[in-house]
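Colleague: show me the folded form of this:
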Amino acid sequence: METHFDIQLAKLKTRLFKMCSLVDEQVQFALRAIEEEDMSLAEMVVERDKKVDKYDVKIEKICQKLFALNQPVAMDLRLIMSAMTINTNLERIGDIAVNIAENFIRLRTKPAFLEKTKINQMSMIVKEMLRNAIDSFIQNDPKLAEKVIRSDDELDALNAENHKVLIEIMKEDKESIEPAVTFLVTSRELERIGDHATNIAEDVFFIVEAELIKHKYEKFLFSEVENVEKEIDEEIDEDEKRNGDVQKN
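Modeller: As a prediction, the model looks like this:
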């Protein structure tokens, strides 16, 4: 027989899955609006943001009740904790989708120079990262989550490349300054969506593996630093030994 806690936990999962689907659609529609120069699609993204905000509030309240009225442990505890951070990341992705749509509404047309940038490539990677992050959560799949995390560096590199290209475009043509600035912002927004998708993937590791993946990378970094420090100490010892031998002679 299901307890009240089980029912509320199932409700949380259902709401969060719906939030995932809604935010995924928001990103898809915002990017398609640019690709197809569809103002009505961009305006729909802006209008639907109210629905995203409502889900955000509902999910947060369910999490608060589950903590206040129960003493969740083990995987249930990790799920509720992660649900709160996943919800926050999804809400922020929704806000970014709105920003992208609003910026394009102001431009109304897609500039010809866009083909020189990596915006389209970034868009494809972002859509895949977000979809994989969501699927990794729904399916409890840490391997899919790892794929998301590994894609983040590529997205960062493309954003940096866009920055260089768009700056050059602005230097060459003053009339391109406004649209170029808009797509500088869009490139950065896409990179941020990738960051939030990565955060969701890291939460999946926490839920399934009980492992804080960020701490795993920190441990790796610290071990590398310790190895370098050890090598430096050994070199200093060797130098001191050589100097001592020279003085004796």
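
Colleague: wait, residue 53 touches residue 87, no?
Modeller: No - with contact defined as C-beta atoms under 8 Å, residue 53 does not reach residue 87; the gap is 11.4 Å. (Each C-beta comes from the backbone N, C-alpha and C, glycine too.)

Colleague: more crowded one of those two?
Modeller: More crowded of residue 53 and residue 87, by other C-beta atoms under 10 Å: residue 87, with 25 against 13.

Colleague: which residue packs closest to that one, ignoring adjacent ones?
Modeller: Nearest non-adjacent residue to residue 87, counting by C-beta to C-beta, 6 or more residues apart in numbering: residue 59, 4.5 Å away.

Colleague: for that neighbour, helix, strand, or coil?
Modeller: Using DSSP: H, G, I helix; E, B strand; the rest coil, the structure places residue 59 in helix.

Colleague: ok, it touching residue 15?
Modeller: Yes - checked against C-beta under 8 Å, the pair residue 59 and residue 15 is within contact range at 5.1 Å.

Colleague: quick one: which of those two has more around it?
Modeller: Neighbour count, other C-beta under 10 Å: between residue 59 and residue 15, residue 59 has more, with 23 against 19.

Colleague: show me what contacts that one?
Modeller: 12, 15-16, 19, 83-84, 87 (C-beta atoms under 8 Å, 6 or more residues apart in numbering).

Colleague: who's in contact with stretch 128-135?
Modeller: With C-beta under 8 Å, 6+ apart as the test, stretch 128-135 has contacts from 20-21, 23-24, 27, 93, 141, 144-145, 147-148, 151-152, 155, 193-194, 197-198, 200-201, 204.

Colleague: count of neighbours near residue 174?
Modeller: A count of nearby residues for residue 174, using other C-beta under 10 Å, gives 8.

Colleague: so, low pLDDT: which residues of this structure?
Modeller: For the chain, the stretches flagged by pLDDT under 70 are 1, 213-249.

Colleague: can you map out the helices along it?
Modeller: Assigned by DSSP state H, the chain shows helices spanning 4-36, 39-69, 74-107, 119-138, 142-172, 177-209, 213-248.

Colleague: closest to residue 120 among the contacts of residue 59?
Modeller: Among these, residue 19 lies closest to residue 120 (C-beta to C-beta), at 27.1 Å.

Colleague: what's the local residue count around that closest one?
Modeller: Neighbours of residue 19 using other C-beta under 10 Å come to 24.

Colleague: please parse this protein into its domains.
Modeller: Split into domains by automatic domain parsing, the chain comes to 4-211, 214-249.

Colleague: list the buried residues in stretch 79-97.
Modeller: Residues of stretch 79-97 classed as buried by neighbour count (16 or more other C-beta atoms under 10 Å): 79-84, 86-97.
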